[in-house]
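S.K.: Next input, structure requested:
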Amino acid sequence: MSSFLLEIVTPERKAYAEDVNMIIVKGSEGELGILPNHIPMVTPLRIAPVTIKKDRSEEVIAVNGGFLEIRKDKVVILAESAELPGDIDIARAEAAKQRAEQRLNGKRDEFDQVRAELALQRALNRISVKSRV
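M.R.: Just a heads-up that it's a prediction; the model follows:
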């Protein structure tokens, strides 16, 4: 089965770099399945899990926004942050979810509302990835 190089890069580090057979991401316009020899493109990513399929196994990584760039020979995800399931502290993610929900229920300005919604999405993304393991 053919493969391509997937790199997931954050401002702090290269979170992932391996040959894979397929990835599934959630772009701004919906879900995308990327196979080898995909047409080159760039698209923004939503806060969502990235599913990686390689050698009949599946991995999931929590990616919190960024961009997907598909090149001829590799795919690069430039992410604000990316966490492998083993790096996710479920108790911390649950606490972040509760804090975000409390902020959403409180009367705040529009800027705080948007920040709380993004924090909630990130927490739910981490919880979703950790629960798949």
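
S.K.: mind giving me the domain split of this protein?
M.R.: 4-83, 90-131 (the TED database).

S.K.: Mean pLDDT lowest where, among these?
M.R.: Averaged per stretch, pLDDT over the domains of the chain is lowest on domain 90-131, reaching a mean of 84.

S.K.: returning to what we had before: let's have the domains of the chain in JSON lines, adding mean neighbour count.
M.R.: Placement of C-beta: from N, CA and C, glycine included. Output for the domains of the chain, formatted as JSON lines (neighbours: other CB atoms under 10 Å):
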{"stretch": "domain 4-83", "mean neighbour count": "16"}
{"stretch": "domain 90-131", "mean neighbour count": "15"}
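
S.K.: residues contacting Val20?
M.R.: 3-6, 52-54 (CB atoms under 8 Å, 6 or more residues apart in numbering).

S.K.: Where do the strands of this structure begin and end?
M.R.: When secondary structure is read from DSSP state E, the chain shows strands at 4-9, 14-20, 22-27, 30-34, 41-54, 57-70, 74-79, 82-83.

S.K.: now those as TSV including distance to Ala123?
M.R.: Shown next, in TSV, are the strands of the chain (distance: least, CB to CB, whole Å):
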stretch	distance to Ala123
strand 4-9	20
strand 14-20	19
strand 22-27	16
strand 30-34	21
strand 41-54	10
strand 57-70	10
strand 74-79	16
strand 82-83	12
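
S.K.: re the thing from before, now the two most distant members of the contacts of Val20.
M.R.: Leu5 and Lys53 (14.4 Å; CB to CB).

S.K.: State the distance from the closest residue to Ala17 other than its chain neighbours to Gln98.
M.R.: Excluding its sequence neighbours, the residue lying closest to Ala17 (CB to CB, 6 or more residues apart in numbering) is Glu7, at 4.8 Å. Distance of Glu7 to Gln98, given as CB to CB, to the nearest Å: 34 Å.
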